[in-house]
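S.K.: Mind folding the following:
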Amino acid sequence: MSRRKFAAAFSMMMLIALGACSTQSSPSDTVETALSDTVAQIRSSQGEPWGITLPGLAAAAITERGQPGDVVGVVSGASDPPGDTALISADRFHVGSVTKTFTAALIMQLDQSGDLSLNDPISKWIRYPGGSDITVEMLLGHTSGLPDFSELPGRTPTDSPQRSIALAAKAKPLFPPGSQWSYSNTNYVMLGVIAEQATGSTWAAQVRSRFFEPLRLTDTYVWEGESQPPTVAGSRLDCGYPGEPECVKQPGFKIVPVTNGFDWTAAWSAGAVVSTPSDIARWIDALIDGNVLDAEHRRLITTPTPQSIKSLSDGPSYGSVRWTGGSLGLLRYEITGQGTGWGHEGSINGFVSNVVRMNDSGQTVAVTSNFLETDAFDALGELVIAVNAAAKPQQALATPS
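M.R.: Residues are numbered from 1 along each chain as shown. Here you go, the predicted structure:
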């Protein structure tokens, strides 16, 4: 082949290659499409038994670290159910117990700095029956045996942390400290009080200055009352609450707004954070794979306790997601065909949420909904599967041969 013919052939090959590149979707576009399609499918399939479409659902994913716009987010549905005002990406949701991940990180940082020790008996910081036998670490890992104040009679929407703890103190312990595992909101309200005692600063001020501000979680704040920035409206079915005998999965129920945020303030350091899927995805990503904690404390929040493994050996399954353990601050999920990951769920009056960072793929996925009956575990699993399938071809193209 002559030099001229070779040059012409080479030029044609380059044009074909460039044309293929120009029509190929960017990785973020592909993931966004997967998120959008899956969110629509979840709203339809989960609402079908009631003859409805889920009112509102938002999701976000991180698949490309260090890239501009590394968080891809989508929203679908209404911000004011049963109204029809469309959700937007900046809309905020109550994220419930995802709050516990911030409280756990705060306690870990205080252990790093020597302001407290995970081995401290809680009696060093707070008066509680049998407190000399319960450690800060037991609170973090839900092995303290403290009953859950949110399930006890006598609580009110405006309970202070001290009153919530007092309610638990009057109830019988669930088991001897350190012997078993049982999820309890009391553990994390008590950790909030201990953090304040150890530092002289409020829990809200500490999570704001240590996490929200430096990580630029600009749509995240602690709910402290109606004067704060608004959230989307929460909702539920008019039959009652999920799990109640009257709330069977059948058509005929109406979607009603939740106007009484019973838990929103009383949940405090166990559940009072407001955020977006994009922010909580960034947060969990930074907590597990960033500089929020040192290497030893990152290990602690990604190592299941023996008690949790034993208690959750036959853990509950939610569609493609199984809950298989708990660490000192996070929950371990196993997702069908995807391996394991660490994250946390949240459920609070009118809202549900869930977030996970997968161990094998390194992808982080978050979901929030303003409908209490949404199965956030099943939704999370479906989203992880879809995001991983969408990201794999793009990652393969980006990997040099």
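S.K.: Mind telling me what element Leu139 is part of?
M.R.: helix 136-140 (DSSP states H and E).
S.K.: contacts for that helix?
M.R.: 104, 107, 111, 116-120, 122, 125, 144-146, 177-178, 187-188, 190-191, 194, 328-329 (Cβ atoms under 8 Å, 6 or more residues apart in numbering). C-beta here means a position set from N, CA and C on the backbone, and glycine is covered the same way.
S.K.: Buried ones from those residues, can you make that a PyMOL selection?
M.R.: One line in PyMOL is enough to select the buried members of the contacts of helix 136-140, burial here meaning 16 or more other Cβ atoms under 10 Å:
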select buried, resi 104+107+111+116+118+120+122+125+144+145+146+177+178+187+188+190+191+194+328+329
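S.K.: what distance separates stretch 169-181 from the centre of its chain?
M.R.: Its chain's C-alpha centre lies 26 Å from the corresponding centre of stretch 169-181 when counted by Cα atoms, centre = their mean, to the nearest Å.
S.K.: report the longest strand in this structure, please.
M.R.: For the chain, the longest strand by residue count, based on DSSP state E, is strand 339-348.
S.K.: Distance from the chain centre to that strand, please.
M.R.: Here the centre of mass of C-alpha atoms in strand 339-348, compared against the chain's by Cα atoms, centre = their mean, lies 5 Å away.
S.K.: Ok, stretch 354-366 next?
M.R.: The chain centroid and the centroid of stretch 354-366 are separated by 10 Å under Cα atoms, centre = their mean.
S.K.: which of the residues in that stretch are buried?
M.R.: Within stretch 354-366, the residues that qualify as buried are 354-359, 361, 363-366, counting by 16+ other Cβ under 10 Å.
S.K.: Now do that stretch: distance from first to last residue.
M.R.: The distance separating the two terminal residues of stretch 354-366, taken as Cα to Cα, to the nearest Å, comes to 6 Å.
S.K.: residues making contact with it?
M.R.: Residues outside stretch 354-366 that contact it (Cβ under 8 Å, 6+ apart): 59-63, 65, 98, 277-278, 280-281, 283-285, 288-289, 333, 335, 338-346, 353, 367, 376-377, 379-380, 383-384, 387-388, 391.
S.K.: Then stretch 282-289?
M.R.: Applying Cβ under 8 Å, 6+ apart, the external contacts of stretch 282-289 come out as 62, 65, 71, 101-102, 105, 211, 215-217, 220, 275, 292-293, 298, 301-302, 330, 342-344, 355-357, 362, 364, 366.
S.K.: So which bits of whichever helix in the chain runs longest are buried?
M.R.: Selection of the longest helix in the chain by residue count, based on DSSP state H, yields helix 376-398. If you call a residue buried by 16+ other Cβ under 10 Å, then helix 376-398 has these buried ones: 376-388, 390-391, 394.
S.K.: Out of those residues, which one has the lowest pLDDT?
M.R.: Ranked by pLDDT, these bottom out at Gln394, which scores 53.
S.K.: Show me which of the buried residues of helix 376-398 is closest to Gln228.
M.R.: Each of the buried residues of helix 376-398 was checked against Gln228 using Cβ to Cβ; the closest is Ala376, at 23.5 Å.
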